[in-house]
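J.: Sharing a model that was predicted from the sequence below.
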Amino acid sequence: MSEMNINQVLAQMRSMSIGAAGSAAPATGNADFSALLKQSIESVNTNQQTAGKLSQAFEIGATDVSLAEVMIASQKADVSFQAMLQVRNKLVEAYKDVMNMPL
């Protein structure tokens, strides 16, 4: 990986970190949960599709795609999918808890 790519990845990580810190607490309190959930699912889907396209491009021998880019995209897609899976599990668990509450 060249020096430029490393700096690019670090800059992207910093911007994502700042974005995550800024979006952690909604300022208005009127955040629509379904919209946030839909947005996060679409983000996971985009990561999965990007990783698939990069992998396919690398497999056919595209010169502008490096193995490092493919692996980073693949890991990013995997981490985002695993996080979404954990959120889903917690939502199912919370639903079961609410349904088992006595009246």
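T.: Received, thanks.
J.: Buried residues, the helix or strand encompassing Ala35. List them.
T.: Applying DSSP states H and E as the criterion places Ala35 in helix 33-59. Across helix 33-59, burial judged by 16 or more other Cβ atoms under 10 Å covers 44, 47-48, 51, 54-55, 58. Backbone N, C-alpha and C define where each C-beta goes, glycine included.
J.: now, among those, which is nearest to Val9?
T.: Closest approach between the buried residues of helix 33-59 and Val9, by Cβ to Cβ: Leu54, at 14.0 Å.
J.: ok, the closest one to Phe81 distance?
T.: Remark: distance between Leu54 and Phe81 (Cβ to Cβ, to the nearest Å) = 16 Å.
J.: low-confidence ranges in this protein?
T.: Scanning the chain for pLDDT under 70 picks out the ranges 1-5, 10, 13, 16-17, 19-30.
J.: Show me the longest helix that occurs in it.
T.: In the chain, taking DSSP state H as the definition, the longest helix is helix 67-99.
J.: Which other helices and strands does that one contact?
T.: Here helix 67-99 touches helix 3-23, helix 33-59, going by 3 or more Cβ pairs under 8 Å, 6 or more residues apart in numbering; DSSP states H and E.
J.: repeat that for 7 Å
T.: On a contact count with 3 or more Cβ pairs under 7 Å, 6 or more residues apart in numbering; DSSP states H and E, helix 67-99 meets helix 33-59.
J.: list the contacts for the spatially most central residue of the chain?
T.: Nearest to the mean C-alpha position of the chain, by Cα atoms, centre = their mean, lies Ser80 at 3.5 Å. When contacts are counted by Cβ atoms under 7 Å, 6 or more residues apart in numbering, Ser80 touches 43-44, 47.
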